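Chemist: sequence first, predicted model second:
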Amino acid sequence: MIAGFSASLSGLMAQSKRLAVSADNIANMHSRGVREGGPAQASEAGRRGAYVPKRVDDVTAAGGGVRAEVRPVEPPSVEVYAPGRPDADAAGVAAIPNVNLAEELVTQIQAQRAYEANAAAFRTQDEITDSLIDIKS
């Protein structure tokens with residue numbers, strides 16, 4: 001019985017992590033990206049460093065359940081023509097984080113649905129446990 005609760009709880013935590021990482025990517029999608037030899041390569045005095053977007057992979061945990069592993073996106077940034085950005089080079093090219101809004105929204109919907117499924121499984125386990133306790137009483 002405990003294994004069922006544990007598996008559902010690990011799924012809830014993994015999907016919470018997936019949603020948090022996706023929200024962080026969306027919040028920072030207009031930040032400075034990593035650029036080799038560019039102004040966003042290192043953090044300058046009084047300025048923030050570059051944002052590196054992340055992805056979450058679900059990995060099967062020993063003994064059942066799932067574990068969320070956070071990994072950086074490769075490549076971490078893409079170059080765009082944006083001469084108005086403060087970190088643009090002389091040619092007007094700047095690096096922005098490699099974040100696709102549509103993909104992030106789909107990831108958030110998937111995380112929500114998976115969270116709901118794990119919560120339903122947790123509730124079902126609780127109901128079964130309550131029924132067993134009632135039978136034994």
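Modeler: Structure received.
Chemist: centroid residue for the protein?
Modeler: residue 21 (2.6 Å; CA atoms, centre = their mean).
Chemist: now the helix or strand harbouring residue 106: buried residues?
Modeler: Here residue 106 sits within helix 101-136, counting by DSSP states H and E. Across helix 101-136, burial judged by 16 or more other CB atoms under 10 Å covers 104, 107, 108, 111, 114, 115, 118, 121, 122, 125. Every residue, glycine included, has its C-beta placed from N, CA and C.
Chemist: so the fourth one sits right up against residue 21, yeah?
Modeler: No. Distance between residue 111 and residue 21: 9.2 Å, which falls outside the contact criterion (CB atoms under 8 Å).
Chemist: ranges for the strands of this protein?
Modeler: Taking DSSP state E as the test, the strands found in the chain are 54-60, 66-72, 77-81, 93-97.
Chemist: for the second one, packing partners?
Modeler: When contacts are defined as 3 or more CB pairs under 8 Å, 6 or more residues apart in numbering; DSSP states H and E, strand 66-72 sits against helix 2-27, strand 54-60.
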